[in-house]
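[1] Pasting a predicted model and its sequence here:
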Amino acid sequence: MIKTLGLRKSFTTRHGTVDAVRGVDLTVDEGEIFGFLGPNGAGKTTTLRMLATLMKPDGGEATIAGVDLLEDPGEVRRRIGYVAQGGSTLDDSTAREELVLQARLYGVSKSEARARTARILDSFQLTEYAERKCKTYSGGQRRRVDIALGIIHEPKIVFLDEPTTGLDPQSRAHMWDEVRRLRDEGMTIFITTHYLDEADALCDRISIMDNGAIVASGTPASLKKEISGDVVRVGVALPAAAAAALSDFPRVELHDDSVRLYVEDGATAIPLVIRALDSAGVALGTIELHRPSLDDVFLTKTGRSLREN
Amino acid sequence: MLRDTWLIFQHQFKALLRNPVWILVGVFQPVMYLLLFAPLLKPALGVRTNAEAYEIFVPGLLVLLAIFGGLFQGFGLIAELRAGVIERSRVTPVSRLALLLGRSLRDTVSLLAQAVIITLLALAFDLRVFIGNLLLAYLMLALISLMTSAVSYGVALAVKSEDALAPLMNTVAQPVLLLSGILLPLTYAPGWLQGIADWNPFSWAVNGVRALFRGDLGAPAVWQGLAIMAVLAALAVAWAARLFARSIR
């Protein structure tokens, strides 16, 4: 549904040139929820804006829903939907009027636009509020209006930029259900997020972006599986000394305030860790054991934690 | 393109009607000029009747309204930019020219509504004008409004902030106002001032509208004013539409 090769974009600022996106290769299959994960400033939104025809790439190529992005952005626009992060409605507008206009801008007739609006309001449970001004909506309702606006023309693929940022947990869960429903109706969904749990729970496949490039791609399960076994995090005041004391373990990572060990079986490793630190005279602060998460994937690929952002 | 323009215009106009205070606010200031400033004109201009004074003053007032009304439309667009409405439009296949024209035409129609109200009030003060001439004068006002609102939208897209737009528009509007003979005809001006004013396109527009109100349809100022305004309006629209097409942010 989407295929990109070496997509690039740089910006010129007062302080010089910033390479925001440096060669992104992506493949998104039809009918999947594709997650684009990475810290703020990684280049997610820039990539998304290029794919949504809002920004011209400096280089590379992309095919979206069967159309070449650089050759025919107009036709790409007809086939995609895009929902921006910051919302898309004025305070004084009403959901129904905006939806009817939005449908008509795609060339739909007046009666068809009205019928579609009624249907989509219904499926997003917004009918009750359709005539009220957008400023009276809750955060979750307003976000649902944004998404309804993005898919009123029944696109093959919809891009959602951080759709759950700023929502309370309940609205967030509701939004996940909506996204899954759209996928089950046959739409391909490209979603950016910096929430690990969201990428893990919602997405069929993800790519992790850092510093303008893709650092890992796959299903959440397969990515986590690359890190076999368990993760033991040892919190210490002197991580370097601890790492030296633990050098017998196969994979030891040194961080600012901790050391991470990737081990086959965490439960048997913990006593060994404590004993090793003890005999080296390193004072142990905390010790944690957990199954590998996407954060560990990110950490292994980039040496930084996504949570620190 | 026409269909898109009509859709945007309709939508924008509906939003305007939801909040009809604008028409009172828009008319309030000119009416104050009409009531509190115009009575000074008969003695000051040395004309014999009120009607003659209004013939000179009302055209200037209407052009003033068209210039200022247009130049400050960019604020609404900045609110739309901030709310993400423009970005949402830009991922649809809608014509970029329509995004601009729909809005500028809305501004033009609302200006003409105000112009009609002011004309009617001035009629009560003995102003007399032929309907045909009046309609041509309205055409001139429409072209001015189209141009100034397009310029305002273009600048709004370029600067993207109210804080920059307000001083910029004020700085432009003030010399334009003083050098156009809007408040008093430039026939009273010293030669050097007239010389500068000849370079101000709005001064031609004001002269044209005055000639029309005078009943002098054949005056060269009429077609000259209309032609200059038409060319400038076309340029402004083309420029602003290009900015709508370019990437925002």
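    The structure has been received and is ready for your questions. What you see is a predicted model; the values in this text were computed from it and never measured.
[2] now the helices for the chain?
    No chain in the question, so chain A it is. When assigned using DSSP state H, the helices of chain A occupy the ranges A:44-51, A:73-79, A:95-105, A:110-123, A:139-151, A:169-184, A:196-202, A:220-226, A:239-245, A:266-280, A:294-302.
[3] meant chain B actually
    B:2-18, B:21-32, B:41-45, B:50-71, B:74-83, B:85-90, B:96-124, B:131-159, B:162-178, B:191-197, B:201-214, B:220-245.
[4] A:Ile206: which of the ones you listed is closest?
    Closest approach to A:Ile206 among the helices of chain B (CB to CB): helix B:85-90, 25.3 Å. Backbone N, C-alpha and C define where each C-beta goes, glycine included.
[5] From the chain's centroid, how far away is that closest one?
    The gap between the average C-alpha position of helix B:85-90 and the chain average comes to 26 Å, counting by CA atoms, centre = their mean, to the nearest Å.
[6] Go ahead and name everything in contact with it.
    A:54, A:82, A:84, A:88-90, A:102, A:105, A:149-150, B:77, B:80-81, B:96, B:99, B:244, B:248-249 (CB atoms under 8 Å, 6 or more residues apart in numbering or on different chains).
[7] Just give the number of residues close to residue 68.
    The chain I'm using is chain A. 13 (other CB atoms under 10 Å in any protein chain shown).
[8] nope, chain B
    For B:Phe68, the number of neighbouring residues by other CB under 10 Å comes to 19.
[9] swap in A:Arg114?
    In terms of burial, A:Arg114 registers 16 neighbours under the definition other CB under 10 Å.
[10] hmm, back to that, can you redo the helices of chain B as a markdown table with distance to A:Thr12?
    As requested, these are arranged in a markdown table below (distance: least, CB to CB, whole Å):
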| stretch | distance to A:Thr12 |
| --- | --- |
| helix B:2-18 | 33 |
| helix B:21-32 | 41 |
| helix B:41-45 | 55 |
| helix B:50-71 | 31 |
| helix B:74-83 | 22 |
| helix B:85-90 | 22 |
| helix B:96-124 | 24 |
| helix B:131-159 | 17 |
| helix B:162-178 | 21 |
| helix B:191-197 | 39 |
| helix B:201-214 | 36 |
| helix B:220-245 | 19 |
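[11] that older thread, and the helices of chain A: which comes nearest B:Ser149?
    With CB to CB as the measure, helix A:95-105 is the member of these nearest B:Ser149 (20.4 Å).
[12] any residues touching that closest one, and which ones?
    Everything outside helix A:95-105 that qualifies as a contact, by CB under 8 Å, 6+ apart, is A:89, A:110, A:112-114, A:116-117, A:120-121, A:126, A:129-132, A:134, A:137, A:145, A:148-149, A:152-153, B:4, B:7, B:11, B:14, B:88-89, B:92-94.
[13] cool, stretch B:110-129 as well?
    Residues from elsewhere that reach stretch B:110-129 (CB under 8 Å, 6+ apart): B:16, B:22-23, B:26-27, B:30-31, B:34, B:38, B:49-51, B:54-55, B:58, B:61-62, B:65-66, B:69-70, B:134, B:137-138, B:141-142, B:145, B:212-213, B:215.
[14] Only the buried members of those residues: can you turn that into a PyMOL selection?
    To isolate the buried members of these in PyMOL, using 16 or more other CB atoms under 10 Å in any protein chain shown:
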select buried, chain B and resi 16+26+27+30+31+34+38+50+54+55+58+61+62+65+66+69+70+134+137+138+141+142+145+212+213
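[15] Reformat the helices of chain A as CSV; add mean pLDDT.
    Conversion of the helices of chain A to CSV gives the following (pLDDT from 0 to 100):
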stretch, mean pLDDT
helix A:44-51, 91
helix A:73-79, 92
helix A:95-105, 94
helix A:110-123, 94
helix A:139-151, 92
helix A:169-184, 91
helix A:196-202, 88
helix A:220-226, 83
helix A:239-245, 86
helix A:266-280, 86
helix A:294-302, 80
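[16] Tell me which of the ones you listed sits nearest to B:Trp204.
    Proximity of these to B:Trp204 was assessed by CB to CB; the nearest stretch is helix A:95-105, lying at 38.2 Å.
[17] need the contact list for B:Ala211.
    The contact partners of B:Ala211, taken as CB under 8 Å, 6+ apart, are B:Leu217, B:Ala219, B:Ala221, B:Val222.
[18] burial of the third one, as a residue count?
    Looking back up the chat, that one is B:Ala221. In terms of burial, B:Ala221 registers 19 neighbours under the definition other CB under 10 Å.
[19] pretty sure it is touching B:Arg214, no?
    No. Using CB atoms under 8 Å, B:Ala221 and B:Arg214 do not qualify as a contacting pair, with a distance of 10.0 Å.
[20] and the contacts of helix B:85-90, which are buried?
    The neighbour-count test (16+ other CB under 10 Å) applied to these identifies A:54, A:82, A:84, A:88-90, A:102, A:105, A:149-150, B:77, B:80-81, B:96, B:99, B:244 as buried.
[21] At the geometric centre of chain B, which residue do we find?
    Taking CA atoms, centre = their mean as the criterion, B:Ala66 is the residue nearest the geometric centre of chain B, at 1.9 Å.
[22] Poorly predicted segments of chain B, please.
    For chain B, the stretches flagged by pLDDT under 70 are B:247-249.
[23] what residues does it put near chain A?
    Taking CB under 8 Å from any CB of the partner chain as the test, the list of chain B residues beside chain A reads B:4, B:7, B:11, B:14-15, B:18-19, B:79-80, B:83-85, B:87-94, B:247-248.
[24] close enough to count as contact, B:Arg96 and B:Ala245?
    Yes. Here B:Arg96 lies in contact with B:Ala245, judged by CB under 8 Å, at a distance of 3.9 Å.
[25] For B:Arg242, give its distance to chain A.
    With distances taken as CB to the nearest CB, to the nearest Å, B:Arg242 is found 15 Å from chain A.
[26] Please list all residues in contact with B:Gly74.
    Going by CB under 8 Å, 6+ apart, B:Gly74 touches B:Ser152, B:Tyr153, B:Val155, B:Ala156, B:Leu165, B:Met169.
[27] rewinding a little: which residues are in contact with the residue nearest to the residue nearest to the centre of chain B when sequence neighbours are not counted?
    Counting by CB to CB, 6 or more residues apart in numbering or on different chains, B:Ile144 is the residue found nearest to B:Ala66 once chain neighbours are left out, at 4.1 Å. Taking CB under 8 Å, 6+ apart as the criterion, B:Ile144 is in contact with B:Val63, B:Ala66, B:Ile67, B:Gly70, B:Phe202, B:Ala205, B:Met229, B:Ala233.
[28] Next, count neighbours for the third one.
    Going back to what we said before, that points to B:Ile67. The burial count assigned to B:Ile67 is 24, neighbours taken as other CB under 10 Å.
[29] which residues touch it?
    Neighbour list for B:Ile67: B:Ile144, B:Thr148, B:Ala173, B:Val176, B:Leu177, B:Phe202 [criterion: CB under 8 Å, 6+ apart].
[30] Would you mind checking which of those residues is nearest to chain A?
    The shortest separation between chain A and any of the contacts of B:Ile67 is 23.0 Å, and it belongs to B:Thr148 (by CB to the nearest CB).
[31] The closest one reaches B:Ala66, doesn't it?
    Yes. Using CB under 8 Å, B:Thr148 is in contact with B:Ala66, at 6.8 Å.
[32] Spatially nearest residue to the residue lying farthest from the centre of chain A (excluding sequence neighbours)?
    Relative to the mean C-alpha coordinate of chain A, counting by CA atoms, centre = their mean, the farthest residue is A:Ser279 (44.0 Å). Computed as CB to CB, 6+ apart, the closest residue to A:Ser279 that is not its neighbour in sequence is A:Ala245, at 7.7 Å.
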